[in-house]
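*Asks:* coords below, sequence missing:
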């Protein structure tokens, strides 16, 4: 039973890690345009605003 | 400088990293984009423009946010996008709600509740499967440590809403929810401290919070989408006007126009305020009166806000400020008519009203009965808590929003935007449809009839020389014919075009029976017909096939209305109806017990739109009409109308099914809970299965 003293904090910490990741995605606006992000994965180049030089020769 | 190509020469590296903050942010509406290719195309087009610092497309909102150098404006971006084949319009940033803070907060609460629910559930499962005394105490403490802070954060919306209702002396859905969560948290904490071997309810309180937050988020999302799309329509109409100051042209906000200002109006522009015309002009008054024929006015004649300038640009001398103009005065009619609408009670409200006292009553009864029977306050509170939690309105809180969100989402993709929360249910009850004519059933343009080649050639030559709408429609329809060589062309206002054809007189214009073409040897009537909106005939047929009675209601004169009714299979035609009479007509139908759906686009329809049981306006409608209506038809094709009604009927059916499922679960669960047999395990199972069932029923095809 002593193993629980380690296991419970570990499981809670792992859960909290997931929660932190979820809050991070939320703060970075990753749910603002779900349709757009689903479509963007099909683009083979980074978006122009990420790499302004890339867009001029496309 | 090592720039190899001339295009790069101007773009120094320093300029490329120029901060966004110093730039000007513009928002563009891109109604036509729908795929990854469009995103790439738009962003590439914008990115290649000089002066554009960053561009990001939001596909879900069909919008782009562009950062440009100060002073650049939206002009170059719009031109470039139009050249690349993308339809784009500038949006007024003030009218847009950018970002969705409330939605994000709800998501964060859902995430916290979900995280805590899973961890506590894992601990609870161990307790339910028979953990030893010391382990159980440890698990209870661990669960309390996770659940209480999580509840304190995630359940805030329910507590605030319940507190607000209680302070106002009302009971709402959130009162039993908040009570159940608070009671479950407190009794479980007490049990953890005493460790008397009774049940704890931390997992139940968390799953209750999680499921209800999910329902609340669905509801919020459906409404936020509709609101932002509605705001976009308003934002498309940039409230700007061009004021003449001496010989300078200054762009000002419409709200800043003062009486006496001279406002320049381009052809096709709407007058922003009431005023008097400085020159003779032709006006389209259909938005105010429903009459399709343009009106000729003389210098000094009054022009009302909302009227469209035809023919030639006009200078208007303002006589009123925007908020005192006719348009706004008519909009106030709407507010009066709308008060009846707010009294409508949706299925969910009805169920909630029944539910809240029932649950409170039941748990009070359970408390008293168990107290008297066992003499133990602790047991009595435990049973009362179980009753509150098990009768949890998961189905009510989740089922109705899930159906509305799924159905309004489906309608939105089809091109219908519902603004009001109860619009779906009201649309489902409609049995009579009133259709406005100009701008709703018809496009407001005219079709020209067939003519033999010689007559067509003369008609085209005469029509081309005039900018009267009828002439323009005739010229447009005859553009495949060559124009005859005519001489001595002159236009007589209010009469028509005269010319000489091989030396003989020819005429196109107003005859005794409408428009006619007079040739030297004969006179031909030109029966100009109004052009129907696409899908109008099919829509009317489909509505009648659904068993609805379809009526035409118009401010235009009887001849035009009858001509249109003959082409469409309508039940009845009401013509020459003034704006107030339209609302009265709706009221008359309502008095006879009919549930009216009003579809209209003009200011003259606004009061009727607000008075009707349900109402829709095309996207081309005036702002006041769109505001008054429950929904906006974004699609140009009218066939969407019968589709909307059948979807609404299906949604209403699903809502009733879900309420029945929820009631069924409660019928089984309540007796169990009252008898004190329901533990946290039963609550967890009942809550999850009922929630999953109603959501599955809501989203199935």
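*Replies:* Sure thing, it's come through. Computed from a prediction, not measured in an experiment: that's the story for all the values here. Numbers count the residues shown, from 1 in each chain, chains lettered A, B, ... in the order given.
*Asks:* rest of the way, CA atoms for contacts and neighbours
*Replies:* Fine.
*Asks:* now the helices for chain A?
*Replies:* A:3-27, A:34-40, A:52-56 (DSSP state H).
*Asks:* is the longest one anywhere near chain B?
*Replies:* Yes - with Cα under 8 Å from any Cα of the partner chain as the measure, helix A:3-27 is seen reaching chain B through A:11, A:12, A:15, A:16, A:19, A:22, A:23, A:26.
*Asks:* and those residues, which is closest to residue B:258?
*Replies:* residue A:26 (46.1 Å; Cα to Cα).
*Asks:* and the closest one, what does it touch?
*Replies:* If you count contacts by Cα atoms under 8 Å, 6 or more residues apart in numbering or on different chains, residue A:26 has them with B:104, B:107, B:108.
*Asks:* just the buried ones from those?
*Replies:* Buried members of the contacts of residue A:26, scored by 16 or more other Cα atoms under 10 Å in any protein chain shown, are B:104, B:107, B:108.
*Asks:* which residue sits closest to residue 35, ignoring its sequence neighbours?
*Replies:* Looking at chain A here, since you left the chain open. Closest residue in space to residue A:35, ignoring its immediate chain neighbours: residue B:60 at 5.4 Å, by Cα to Cα, 6 or more residues apart in numbering or on different chains.
*Asks:* let's do chain B instead
*Replies:* residue A:39 (6.3 Å).
*Asks:* low-scoring stretches of the stretch 151-300 of chain B, by residue?
*Replies:* Residue ranges of the stretch 151-300 of chain B with pLDDT under 70: B:197, B:223, B:225-240, B:268, B:287-292.
*Asks:* strands of that one, residue ranges please.
*Replies:* B:240-245, B:248-253, B:262-265, B:275-277, B:281-284, B:295-297 (DSSP state E, counting those that start in this stretch).
*Asks:* name the residues that touch the host helix or strand of residue B:506?
*Replies:* Using DSSP states H and E, residue B:506 maps to strand B:504-511. The contact list for strand B:504-511, computed with Cα under 8 Å, 6+ apart, reads B:458-459, B:462-463, B:494-500, B:515-520.
*Asks:* point out where chain A drops to low pLDDT.
*Replies:* Using pLDDT under 70, the flagged stretches of chain A are A:1, A:45-58.
*Asks:* residue nearest the centroid of it?
*Replies:* Nearest to the mean C-alpha position of chain A, by Cα atoms, centre = their mean, lies residue A:25 at 4.8 Å.
*Asks:* tell me the contacts of it?
*Replies:* Residue A:25 touches residue A:31, counting by Cα under 8 Å, 6+ apart.
*Asks:* ok, it to residue A:32 distance?
*Replies:* Noted for residue A:25: a distance of 10 Å to residue A:32, by Cα to Cα, to the nearest Å.
*Asks:* likewise for residue B:352?
*Replies:* 32 Å.
*Asks:* what's the answer for residue B:451, then?
*Replies:* 56 Å.
*Asks:* compare these two and say which one has the larger neighbour count.
*Replies:* residue A:32 (18 against 13; other Cα atoms under 10 Å in any protein chain shown).
*Asks:* angles on the backbone of that one, please.
*Replies:* Per-residue torsions, residue A:32: phi -80, psi -30 (degrees, to the nearest 10).
*Asks:* just give me the neighbour total for residue 33.
*Replies:* Since you didn't name a chain, this refers to chain A. 15.
*Asks:* meant chain B actually
*Replies:* By other Cα under 10 Å, neighbour count at residue B:33 equals 22.
*Asks:* pLDDT score for the nearest residue to residue B:273 once chain neighbours are set aside?
*Replies:* With sequence-adjacent residues excluded and distances taken as Cα to Cα, 6+ apart, residue B:273 is closest to residue B:305, at 4.5 Å. pLDDT for residue B:305: 78.
*Asks:* any idea how far residue B:305 is from chain A?
*Replies:* As for residue B:305, its distance to chain A is 38 Å (criterion: Cα to the nearest Cα, to the nearest Å).
*Asks:* same deal with residue B:282?
*Replies:* For residue B:282, the distance to chain A - Cα to the nearest Cα - is 45 Å.
*Asks:* and if you look at residue B:201?
*Replies:* 19 Å.
*Asks:* and if you look at residue B:187?
*Replies:* 23 Å.
*Asks:* and residue B:539, by the same measure?
*Replies:* Residue B:539 is 31 Å from chain A, by Cα to the nearest Cα.
*Asks:* in a helix, that residue, correct?
*Replies:* Yes - counting by DSSP: H, G, I helix; E, B strand; the rest coil, residue B:539 is part of a helix.
*Asks:* for it, list the residues it contacts.
*Replies:* Residue B:539 touches B:638, B:639, B:640, B:641, B:642, counting by Cα under 8 Å, 6+ apart.
*Asks:* next, count neighbours for the fourth one.
*Replies:* Counted with other Cα under 10 Å, residues neighbouring residue B:641 total 21.
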